[in-house]
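K.L.:
Sequence unavailable; structure follows:
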C-alpha cells in the first residue's frame, strides 16, 4: 500500500513538474522546452527527490510518514533533503527482503503413478495394516492414512476380467 502511495506521489510530482515547465514556457515568450529536459524532469528527478522517503518505507521506519512529509515540503532545499536522508539512516530496523509483486508459479510436480498392484496384494497390505494397528505398532491416524492410500490404489486398478 505504501509503495502505491509513493508511486502516486511520484506521478503527481512529475505532472506538476511538467505543468510548471509548460507555464514557464508560456510566460517566457517563444521558449519551447527541450524534450530531453522534460524527460529528465519526469523520470530522473522525482525518484532522486524522494530517495529518503523510499528508503524509509523500505525499512518500515517508525517515522516514515513524517520523513515523507518533510521530504515533500522541505526536500527542495538541500538542507531539508539531507536532514531527511540522515533521519532515515537512523532507522532501527533492517531493510525488508525483496518480495516480487507477482510471485512466480512453480510447476506442479506430477503425481507418482500408482504402482501396479493386484487385488490380492492390496488385501494383504490392508490385513497387515489392521494387524499393526491391533498390536499398537501404529497410531489411529497412521492407520487411517495407510488405509486411505490402499483404497485409493484399489480404485485406480484397471477393471479387467480374467
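P.N.:
That came through, no problem. Keep in mind the model is a prediction, meaning the values are calculated, not measured. Numbers count the residues shown, from 1 in each chain.
K.L.:
Pull up the gap between residue 34 and residue 55, please.
P.N.:
Distance from residue 34 to residue 55, counting by CB to CB, to the nearest Å: 31 Å. All C-beta spots, glycine's among them, are computed from the backbone N, C-alpha and C.
K.L.:
between these two, which one's more packed in?
P.N.:
residue 55 (18 against 10; other CB atoms under 10 Å).
K.L.:
is it true that the more buried one touches residue 87?
P.N.:
No. If you go by CB atoms under 8 Å, residue 55 and residue 87 don't touch, sitting 10.4 Å apart.
K.L.:
Okay, domains of the chain per the record?
P.N.:
2-89, 119-156 (automatic domain parsing).
K.L.:
Helices of the protein, start to end?
P.N.:
For the chain, applying DSSP state H gives helices covering 2-27, 35-39, 45-49, 51-58, 64-74, 78-89, 119-134, 140-156.
K.L.:
what angle separates the first one from helix 51-58?
P.N.:
It refers to helix 2-27. If you take axes from the mean of the first three to the mean of the last three CA atoms, to 10 degrees, helix 2-27 sits at 160 degrees to helix 51-58.
K.L.:
related to what we said a few turns ago, which of the domains of the chain sits most buried?
P.N.:
domain 2-89 (a mean of 15; mean count of other CB atoms under 10 Å).
K.L.:
any idea how far residue 37 is from residue 11?
P.N.:
Between residue 37 and residue 11 the computed distance is 19 Å (CB to CB).
K.L.:
Would you mind measuring from residue 77 to residue 68?
P.N.:
16 Å.
K.L.:
Can you report phi and psi for the closest residue to residue 81 other than its chain neighbours?
P.N.:
Ranked by CB to CB, 6 or more residues apart in numbering and with sequence neighbours excluded, the top spatial neighbour of residue 81 is residue 75, at 4.6 Å. According to degrees, to the nearest 10, the main-chain angles of residue 75 amount to phi -70, psi -20.
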